[in-house]
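> Have a look at this prediction, sequence included:
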Protein chains: 4
Amino acid sequence: MNFELSDKAKKYKEELIAFMDTHIYPIEHEVELYYARNPKKLHPSIEPLKEKAREQGLWNLFLPLDYAEHTGGLTNLEYAVLAEEMGKIMWASEIFNCNAPDTGNMEVLAKYGSEKQKETYLLPMLEGRIRSAFLMTEPSVASSDARNIETSIVRDGDSYLINGRKWWSSNVRHPNCSFYIVMGKTDTSASSYTQQSMIIIPTKTEGVEVVRDLSAMGQFDFPSAHCEVLLHNVRVPAENIILGEGKGFEIAQGRLGPGRIHHAMRSIGAAQRAFDYMCKRVNERTAFGKPYHEMGSIREKTAKIFCAIEKCRMLTLKTAYMVDTLGAKGAKDYIAALKISVIPEASRIIDECMQVFGGKGMSTDIPLAAMYSHWRAMRIADGPEEVHAYQLGRNLLKKARDRKQTDIRYFVD
Amino acid sequence: MNFELSDKAKKYKEELIAFMDTHIYPIEHEVELYYARNPKKLHPSIEPLKEKAREQGLWNLFLPLDYAEHTGGLTNLEYAVLAEEMGKIMWASEIFNCNAPDTGNMEVLAKYGSEKQKETYLLPMLEGRIRSAFLMTEPSVASSDARNIETSIVRDGDSYLINGRKWWSSNVRHPNCSFYIVMGKTDTSASSYTQQSMIIIPTKTEGVEVVRDLSAMGQFDFPSAHCEVLLHNVRVPAENIILGEGKGFEIAQGRLGPGRIHHAMRSIGAAQRAFDYMCKRVNERTAFGKPYHEMGSIREKTAKIFCAIEKCRMLTLKTAYMVDTLGAKGAKDYIAALKISVIPEASRIIDECMQVFGGKGMSTDIPLAAMYSHWRAMRIADGPEEVHAYQLGRNLLKKARDRKQTDIRYFVD
Amino acid sequence: MNFELSDKAKKYKEELIAFMDTHIYPIEHEVELYYARNPKKLHPSIEPLKEKAREQGLWNLFLPLDYAEHTGGLTNLEYAVLAEEMGKIMWASEIFNCNAPDTGNMEVLAKYGSEKQKETYLLPMLEGRIRSAFLMTEPSVASSDARNIETSIVRDGDSYLINGRKWWSSNVRHPNCSFYIVMGKTDTSASSYTQQSMIIIPTKTEGVEVVRDLSAMGQFDFPSAHCEVLLHNVRVPAENIILGEGKGFEIAQGRLGPGRIHHAMRSIGAAQRAFDYMCKRVNERTAFGKPYHEMGSIREKTAKIFCAIEKCRMLTLKTAYMVDTLGAKGAKDYIAALKISVIPEASRIIDECMQVFGGKGMSTDIPLAAMYSHWRAMRIADGPEEVHAYQLGRNLLKKARDRKQTDIRYFVD
Amino acid sequence: MNFELSDKAKKYKEELIAFMDTHIYPIEHEVELYYARNPKKLHPSIEPLKEKAREQGLWNLFLPLDYAEHTGGLTNLEYAVLAEEMGKIMWASEIFNCNAPDTGNMEVLAKYGSEKQKETYLLPMLEGRIRSAFLMTEPSVASSDARNIETSIVRDGDSYLINGRKWWSSNVRHPNCSFYIVMGKTDTSASSYTQQSMIIIPTKTEGVEVVRDLSAMGQFDFPSAHCEVLLHNVRVPAENIILGEGKGFEIAQGRLGPGRIHHAMRSIGAAQRAFDYMCKRVNERTAFGKPYHEMGSIREKTAKIFCAIEKCRMLTLKTAYMVDTLGAKGAKDYIAALKISVIPEASRIIDECMQVFGGKGMSTDIPLAAMYSHWRAMRIADGPEEVHAYQLGRNLLKKARDRKQTDIRYFVD
């Protein structure tokens, strides 16, 4: 297990931090207040900043090595370190074309898309010209079990007809959002995991209705806002299917792996930033005649948060390393571990740091309440942690049964 | 320790539940969506409902027995049971004229107000005609330590001049809000706890500026919204001082006791309602081929939440009983206990129940996310739980030192 | 809900505390050291102390009102308060003839025993002349599920032949132990819960072999030590069956209720005593130039433990009250709650108090380590808390389904 | 950060596992039962096994590279992997001459000892011929604060006179124990951290009295048992002082670092083994008609323990790496982190695994109860975790103050 960064990755890290220090931190608060007032418009600095980032090569860094012409050619481990930095600001990833769900969609198209799909959808995404959404979750079923999906994708001549209701679809409100990747069922009589397919629906297609904006824990998360989308007799050409009928579950499995580790990486950055904020507060504030930083309970809390962040970070690095060396499939236990014990922990840490600020912590004067709401909601996105824990437990116990047990290692029984 | 309800209290409880079932639950969701869209207007049903509640005598139930002409004449214990019911809906207390901070302000005026103050401010509040705010917390100091308060109240002839900046002042945006009770310092050279005074400022006084609305965990909590208020050379007649100069700390102590137990009572109702929601969901939903209610981990979770709620409820009842029998001062250890281990626990319980709903839990389709945000923020209001734990620990250890220790009860040393 | 003690109960409480102060606390440490050195002998003070307690009427206080000639005629609620006091010392209950498993066995015989069984076994137990064991748990199956029990009780003419292996049988090493009540199966073809029967086996019967002593968490808990017992073709007269064949499960259900609440009551006493020890230490010790009691983290810890004990105590009182008013069956949800959230919590509290003592806490110089081990093991006795949580969750969710849901109380869906 | 093992380390690991599989696991239970019956004698297999391990070069692996002639020349990181394996069995480290407190004492003598001390004490220890104890903790003061130490070391001509009382001195009962390193004060008028000195006392010196054996959480931990030792006018030659008067604190700091990470490494092995035991049980047991491994709550528990162990392991590896690259001083924050969040976590994990076994878990039929007691006690050894958390928090906050804060990274204030 080698976590050394290449010189290239170190250089990226330095440049990324410098870019954020120069261009992003100074306008962070202003941008967040802007979205509170202008929820459906991009802040005017966003596109220029993306242009600048792209010029400097701080662009598409998340993309696996195989697509090296579009990316910096970094390993997942190396990207983890950069994603942590991006995670310190809620909206920073997009500046570097590294934001979900676009990253996952780009990976899907890069891995499974036809040449035409790549040209029409992937290329402009890689260039940052368009955005996309991923329509997976449905309001009426437990969507973390793909077998429950109810949206139908029915072949009709040279096209498909799509009907269904989706929600928590991020990016739908983004002014540049130009297509959705939709998960549905093409064949409800097939075996459980070959009923599903994925298909591309351009945003402007007839029958697509954005029903409403959804707030997650009171946050609308503009501009990438989550929406409920109704698909009513939506018709798209047959060529819009990705990889072929019945491949939806397979693609979904491939899609979730890296995305999930990106989330975890960013959550470390968010937790670290909350901790930095907390330390700053503790070093400045006094109550009951004593500086906070001399209070024993605050010192203990500080120490415990440091330990918790370090543990999360190390587990995330290991997981990235496992994905690099064994592939997403080989690393699936660790990918699940991030969902179970990194994202909830990051959310908990942000909450604890926020508490130290009293009323200010609850407000928008510092970014912690918004960060908390975001990461609390992330405990649900991609399936609640309980589902991942259930499955990981099942897999680990299965492995334990399969393993040749050296009985000598156990006492009686 | 006797927790039996009087027949009168039982009757109130039945009537309150019936009232809520008939008039409040049916419009709960509509009202909450209304405030999301019309943040600064009262929902048109509110005033008529208050009228109806008042007619039925479901009114001012929180008020201690001493003010029996205005109230049902209930003990704190009896009120606790009613407050739990009110706590099931975020905005229900106001319908019964039992909402913070008006309740606290009414108690202050009833206990410490001059005849004129009672006539001008208390009476219309008891009749529900006006609302009020309590301006205590300041953005630049740790206000849970009253010694830090910076707002100045300076005698100038027949009036006082007030200067300061307050925030988290609830009710300020309420259309009927007509005065503030403000905590400030009249004499910074006096001993630590006699520097503070409380004074009444009518809302329309010159120099009062409502600077901005504050969101708490992403919620604006309209119509009682929390605001930041600037007081710049605000002049009020000298008679507006409550009880006299230097009495601010004493009044604050008296004020917080009952209010804090009201919050705790309501938090039990909120937790119970979240639990009822969760049970309903669990009994309706299926995933991975299995009804939720047959899943072992969900059954364990259900059992643990039941236990947690019961414990919180019992501690709250005991505290109310202690206040009834020993007074707020004699019960202060228990009052602190509610802040330390009931409100945070209620907040945690709501969070756990919410988790079972997946995406819906984060949304406004059910009230849990809003409830969570509210109760999370309540861990800060009236001073963060850490401050209460620190003080309670100090008091308990002091008592242990004072207690005659029967040495026979300890081994060696 | 009325938790007032009768004058009689108050008097018992005073006398019990006085008795313990005079006779038990002063020799507590000596007795515990004695058992460490003389594991299989009764400490010479035990029988005289029992005599004295019996003379003073501090005797059989646990027994329900129905057996008033043998007891003080206390409610479960009233006994709870006394049991808490007894729980402060590991071996105090026996002095008052109130120790498990004798209490449960006495209840079984009083409720279900034949006249002859009462005369032969119950009467001398009520007088404290003999002790007994309860042989339920088996090493090779999950015995918390009574259907798994493998011990066979086979009718053979005028007698029964018993074969099986039991463990964790307390009191077996007690010098006065004179019989066992054994759970086994008389008919493996009957329906699940009518296969089991209970039978009395006198200690000296041929075929009874005490295989070994078991330590629980390193403690042998002499003199009531837990043992493994082999029953090999043990023959007893047919009249030794209790209540009749197939009644074992029914008796077991009846037996566990009160016993479990006795354990919980005592666990509060243990937790309270650990807390008293901790407060004493904190008030005496200094480190890093500061008395412990001035340290913020210790103050917070003190406050939180106080709250936790109060919550456990109140839940236990409520449960006792429920048993008094609804019977053990009507109170079963609450009885389960004690197992789930009082005993584990008491064990956790003792652990936290112990931590404050550093090395001394781990030692036998104070009783906390032994108390911890005992209460940790009690999380397993009568079935692990997980089993109770599983069943309680199932029951609560079933009740929620059965309850007429006022749909008006829920939003969407 | 590179966690790759050298080929040499990999080979050691393979050989160590093979050695344990062949020679240690098969007799583990027998040895533990032996010590329960023969507490003060070495099990007859121990010395022959040590001989065998030494022949195979599985010897002194803990020793830093600087003493390469005596060791395998491993980094701390590489040793961590081996120590984890040794930690799976309570008494395995000694077989490889890698057990505390001998390791710490060997390091002290290697780093700070005079030539004569090395020859007389270090050499035979390196060869495994003698054992030693470290007398630090005192019963009457909070010894985690070295300033509190009361033992006196007074120069008297060519010798020192030592008086004091020590406890929790491990190895004192070991049949081969031949000397103690004792911490005391040579000059109570010097500055706080130069009052302390360390001195060597041969076991047989007049005035040394082993007062009693101490059980830690009910375990006597033979043969290395913890004892209370009285030093009464003990006289040793002046040359027995280590490094010189006033150097005690400095040596103690150096001593604790590596020892603490060894403990943490071993605790990972203990937690992993408890987890392996749990998985085995879960895969074999059935209750309520269902194999444990199909139960949702057990699957979730399994997943969470896996995550917790992985996090602890990764933090331990990082710390070892930090010690390798920055030295114990440079790595002190991480060394503290192990004490705060690895050892208590390992103890908690063992407890959770034990719970799954019901009664068997509490017994000596599997090693988990003994492991739990050991690791619970280790939360106290070398200073309770609270002390480390307090100090780590202080250091981190100090660093935060010293760090040049980029103000741009914070919002308002």
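That came through, no problem.

> Using the record, which stretches count as separate domains in chain A?
If you go by automatic domain parsing, the domain ranges for chain A are A:7-126, A:131-246, A:249-402.

> quick one, which of those is packed in tightest?
Mean neighbour count (mean count of other CB atoms under 10 Å in any protein chain shown) peaks for domain A:249-402 among the domains of chain A, with a mean of 22. C-betas here are computed from N, CA, C, even on glycine.

> and it, average pLDDT?
What domain A:249-402 shows for mean pLDDT is 94.

> Contacts (any at all) between chain B and that domain?
Yes: residues of domain A:249-402 contacting chain B under CB under 8 Å from any CB of the partner chain: A:285-289, A:297, A:351, A:355, A:358-364, A:369-370, A:372-373, A:376-377, A:379-380, A:384, A:386-387, A:390.

> if I pick the nearest residue to A:Tyr390 once chain neighbours are set aside, what's in contact with it?
Counting by CB to CB, 6 or more residues apart in numbering or on different chains, A:Tyr390 lies nearest to D:Arg299, which is 5.1 Å off, once chain neighbours are set aside. Going by CB atoms under 8 Å, 6 or more residues apart in numbering or on different chains, D:Arg299 touches A:Ala389, A:Tyr390, A:Gln391, A:Leu392, A:Gly393, A:Arg394, A:Leu397, B:Ser297, D:His293.

> same thing with A:Arg235?
By CB under 8 Å, 6+ apart, the residues touching A:Arg235 are A:Asp156, A:Ser159, A:Tyr160, A:Leu161, A:Ile162, A:Thr205, A:Glu206, A:Gly207.

> Same question for A:Asn240.
Residues counted as contacts of A:Asn240 (CB under 8 Å, 6+ apart) are A:Gln117, A:Tyr160, A:Ile199, A:Ile200, A:Ile201.

> now it: how far from C:Tyr334?
Per CB to CB, to the nearest Å, A:Asn240 is found 59 Å from C:Tyr334.

> Give me the phi and psi for the residue of the stretch 301-413 of chain A found nearest chain B.
Of all residues in the stretch 301-413 of chain A, the one sitting closest to chain B is A:Met362 (4.3 Å; CB to the nearest CB). Here the main-chain torsion angles of A:Met362 (degrees, to the nearest 10) amount to phi -80, psi -20.

> Hmm, it is touching B:Ala216, no?
Yes: in this structure A:Met362 lies within contact range of B:Ala216 using CB atoms under 8 Å: 4.3 Å.

> anything in contact with each of the two?
A:Ala369, B:Ala377.

> ok, which residues in chain A are in contact with chain C?
Residues of chain A lying close to chain C (CB under 8 Å from any CB) are A:Met295, A:Gly296, A:Ser297, A:Ile298, A:Arg299, A:Glu300.

> The fifth one in helix, strand or coil?
The one in question is A:Arg299. Classification of A:Arg299 by DSSP: H, G, I helix; E, B strand; the rest coil places it in helix.

> Mind checking which of the contacts of A:Asn240 are in strands?
Using DSSP state E, A:Tyr160, A:Ile199, A:Ile200, A:Ile201 are the members of the contacts of A:Asn240 that sit in strands.

> so what's the third one closest to, chain neighbours aside?
Read it as A:Ile200. Once flanking residues are discounted, A:Ile200 sits nearest to A:Asn240: 4.3 Å by CB to CB, 6+ apart.

> roughly how far apart are that neighbour and D:Lys111?
Distance, A:Asn240 to D:Lys111, by CB to CB: 71 Å.

> same thing with A:Ser169?
Here the criterion is CB to CB. By it, A:Ser169 lies 63 Å from D:Lys111.

> Would you mind putting the contacts of A:Arg235 into JSON lines with pLDDT and distance to A:Pro175 alongside?
Shown next, in JSON lines, are the contacts of A:Arg235 (pLDDT from 0 to 100; distance: CB to CB, whole Å):
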{"residue": "A:Asp156", "pLDDT": "96", "distance to A:Pro175": "32"}
{"residue": "A:Ser159", "pLDDT": "97", "distance to A:Pro175": "28"}
{"residue": "A:Tyr160", "pLDDT": "98", "distance to A:Pro175": "27"}
{"residue": "A:Leu161", "pLDDT": "98", "distance to A:Pro175": "28"}
{"residue": "A:Ile162", "pLDDT": "98", "distance to A:Pro175": "24"}
{"residue": "A:Thr205", "pLDDT": "98", "distance to A:Pro175": "18"}
{"residue": "A:Glu206", "pLDDT": "97", "distance to A:Pro175": "20"}
{"residue": "A:Gly207", "pLDDT": "97", "distance to A:Pro175": "21"}
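
> Now render those as CSV, adding distance to B:Trp59.
Output for those, formatted as CSV (distance: CB to CB, whole Å):
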residue, distance to B:Trp59
A:Asp156, 64
A:Ser159, 64
A:Tyr160, 62
A:Leu161, 59
A:Ile162, 55
A:Thr205, 57
A:Glu206, 56
A:Gly207, 53
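
> In contact with the residue most central in space within chain A: list those residues for me.
In chain A, the centroid-proximal residue (CA atoms, centre = their mean) is A:His263; its distance is 4.0 Å. Residues in contact with A:His263 (CB under 8 Å, 6+ apart) are A:Ala100, A:Leu338, A:Ile343, A:Met378, A:Ala381, A:Asp382.

> follow-up on the earlier one: let me know the closest of the contacts of D:Arg299 to chain C.
B:Ser297 (9.3 Å).

> For the residue nearest to the centre of chain A, what is the enclosing helix or strand?
In this assignment (DSSP states H and E), A:His263 forms part of helix A:248-284.

> Now name the helix or strand holding A:Asp324.
Element membership for A:Asp324 (DSSP H and E) is helix A:296-330.

> Not counting the following helix or strand past that helix itself, show me its contacts.
Per DSSP H and E, the first helix or strand lying C-terminal to helix A:296-330 is helix A:332-341. For helix A:332-341, contacts defined as CB under 8 Å, 6+ apart pick out A:256-257, A:260-261, A:263-264, A:312, A:315-316, A:318-319, A:322-323, A:328, A:382-383, A:385, A:388-389, A:391-392, A:395-396, D:303-304, D:306-308, D:310-311.

> in the stretch 1-150 of chain A, which spans are helices?
Assigned helices in the stretch 1-150 of chain A, in chain order: A:7-19, A:28-37, A:46-55, A:76-86, A:92-95, A:102-112, A:115-117, A:123-126 (criterion: DSSP state H, counting those that start in this stretch).

> Dump those to CSV, plus distance to chain D.
As requested, those are exported to CSV (distance: least, CB to the nearest CB, whole Å):
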stretch, distance to chain D
helix A:7-19, 10
helix A:28-37, 5
helix A:46-55, 15
helix A:76-86, 10
helix A:92-95, 12
helix A:102-112, 23
helix A:115-117, 37
helix A:123-126, 30
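
> Which of those helices has the lowest mean pLDDT?
Mean pLDDT is lowest for helix A:28-37 among the helices of the stretch 1-150 of chain A, at a mean of 89.

> sorry, back to before: nearest to B:Lys41, of the contacts of D:Arg299?
B:Ser297 (44.6 Å; CB to CB).

> Correct me if wrong: the closest one contacts A:Val387.
No: B:Ser297 is beyond contact range of A:Val387, at 10.6 Å (criterion: CB under 8 Å).

> related to what we said a few turns ago, could you identify the helix or strand that succeeds the helix holding A:His263?
Sequence-wise, the next helix or strand downstream of helix A:248-284 (DSSP H and E) is strand A:286-287.

> Is chain D within reach of that next one?
No: using CB under 8 Å from any CB, no contact is recorded between strand A:286-287 and chain D, whose separation bottoms out at 13.8 Å.
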